[in-house]
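# Build me a structure from this.
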Amino acid sequence: MDCTDRIAQVLAESALESVHLLHGASPLAAITVRVPSRGRRFNITVRKRWPDGPEQPPDYWWDVAETELDGTEREGGIGLSGAGDEHPTPEDAFWAAVEAASLAMDEVSAG
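Numbers count the residues shown, from 1 in each chain. Just a heads-up that it's a prediction; the model follows:
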């Protein structure tokens with residue numbers, strides 16, 4: 001594993017620690033983590049809801065917003081919503097958001 005891969009792994013592990021706090025009956029409804037990717041920065045928000053009531057397992061979904069260095073949303077940047085794309089765990093929602101952002105960056109680069 002080279003240095004770049006190791007740094008990416010450490011950043012992902014750090015983001016996942018926060019995302020993991022959303023599990024199950026946690027009172028948290030959303031977590032936003034800032035992640036770098038290919039020289040860009042993204043806020044990934046993972047949200048939780050209970051569509052069948054609090055006695056049933058929650059669903060998780062995501063939003064992605066490209067940001068400036070100071071954390072403000074980048075004008076004309078990538079913005080994605082995973083609403084309607086429910087996941088059984090917050091980690092699954094996080095990785096779906098990462099994949100969606102990666103695909104969007106590929107499209108912008110190819111465009």
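# Grab the most central residue of the protein for me.
Residue closest to the average C-alpha location in the chain (C-alpha atoms, centre = their mean): Ile44, at 3.3 Å.
# Give me the sheet partners of the strand or helix carrying it and which way each runs.
Element membership of Ile44, judged by DSSP states H and E, is strand 40-49. With DSSP bridges as the test, strand 40-49 is paired with strand 30-37 (antiparallel), strand 59-67 (antiparallel).
# Next, report how far the first one is displaced from the centre of its chain.
The reference is to strand 30-37. 6 Å (C-alpha atoms, centre = their mean, to the nearest Å).
# For Gly84, what are phi and psi?
Here is the backbone geometry of Gly84 (degrees, to the nearest 10): phi 90, psi -10.
# Show the contacting residues for it.
In this structure, Gly84 makes contact with Trp61, judged by C-beta atoms under 8 Å, 6 or more residues apart in numbering. Yep, even glycine has a C-beta here, placed from its N, CA and C like the rest.
# the helices in the chain, which residues?
3-20, 90-110 (DSSP state H).
# ok, and which of those helices has the densest surroundings?
Burial of the helices of the chain is given as mean neighbour count (mean count of other C-beta atoms under 10 Å); helix 90-110 ranks first at a mean of 17.
# how near is the residue lying closest to Phe94 once chain neighbours are set aside to Asp92?
Of all residues not flanking Phe94 in the chain, Val19 sits nearest, at 4.7 Å (C-beta to C-beta, 6 or more residues apart in numbering). Note on Val19: its distance to Asp92, by C-beta to C-beta, to the nearest Å, is 10 Å.
# what does Phe42 give?
Distance of Phe42 to Asp92, computed by C-beta to C-beta: 18 Å.
# Likewise for Ala65?
Taking C-beta to C-beta as the measure, Ala65 falls 20 Å from Asp92.
# Equivalent analysis for Leu22, please.
In terms of C-beta to C-beta, Leu22 sits 11 Å off from Asp92.
# what sits in contact with each of these two?
Joint contacts of Leu22 and Asp92 (C-beta under 8 Å, 6+ apart) are Tyr60.
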